[in-house]
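Colleague: missing the sequence, but the structure's below:
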């Protein structure tokens with residue numbers, strides 16, 4: 001059983017930056033891939049980035065590629081999502097989640113993620 005807690009959300013102007021953190025606890029957490037998902041009101045949840053257990057592989061949705069960077073610090077049990085050049089359409093509730101599996105299309109497979117956090121709100125507005 002893993003527990004995930006997101007933090008770092010808030011209100012930011014377009015073009016601004018935020019760094020989200022996901023604190024993960026539980027046995028063998030460092031053997032799990034960690035992904036970030038988001039859901040805006042009235043829209044479906046979408047996977048935006050995932051990092052393998054070792055941190056050696058990452059994947060991004062096209063909507064955030066080149067603007068967002070995922071990383072992990074296994075020693076501190078933290079996963080980060082650095083978000084640059086934020087746009088109003090990035091506004092959503094952001095979740096981190098853990099999956100035992102990692103594959104190139106993992107962002108399209110939310111059912112493979114067994115553990116989820118409660119989310120942190122990101123609002124991009126002037």
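Modeller: Arrived safely. As the structure is a prediction and not an experimental result, all values here were calculated from the model.

Colleague: rest of the way, CA atoms for contacts and neighbours
Modeller: Will do.

Colleague: Find the centremost residue of the protein, please.
Modeller: The structure's the chain has its C-alpha centroid closest to residue 36; by Cα atoms, centre = their mean the separation is 2.1 Å.

Colleague: tell me which residues form a beta bridge with that residue?
Modeller: residue 49, residue 96 (DSSP bridges).

Colleague: thought it was touching residue 94?
Modeller: Yes: between residue 36 and residue 94 a contact is recorded at 6.9 Å, counting by Cα atoms under 8 Å.

Colleague: give the contact list for the residue nearest to the centre of the chain.
Modeller: 47, 48, 49, 50, 81, 94, 95, 96, 97 (Cα atoms under 8 Å, 6 or more residues apart in numbering).

Colleague: can you list contacts of stretch 54-70?
Modeller: 30-31, 47-52, 71-72, 79-86, 104, 107.

Colleague: So for it, mean pLDDT?
Modeller: Average pLDDT, stretch 54-70: 97.

Colleague: Need the distance between the two termini of that stretch.
Modeller: 13 Å (Cα to Cα, to the nearest Å).
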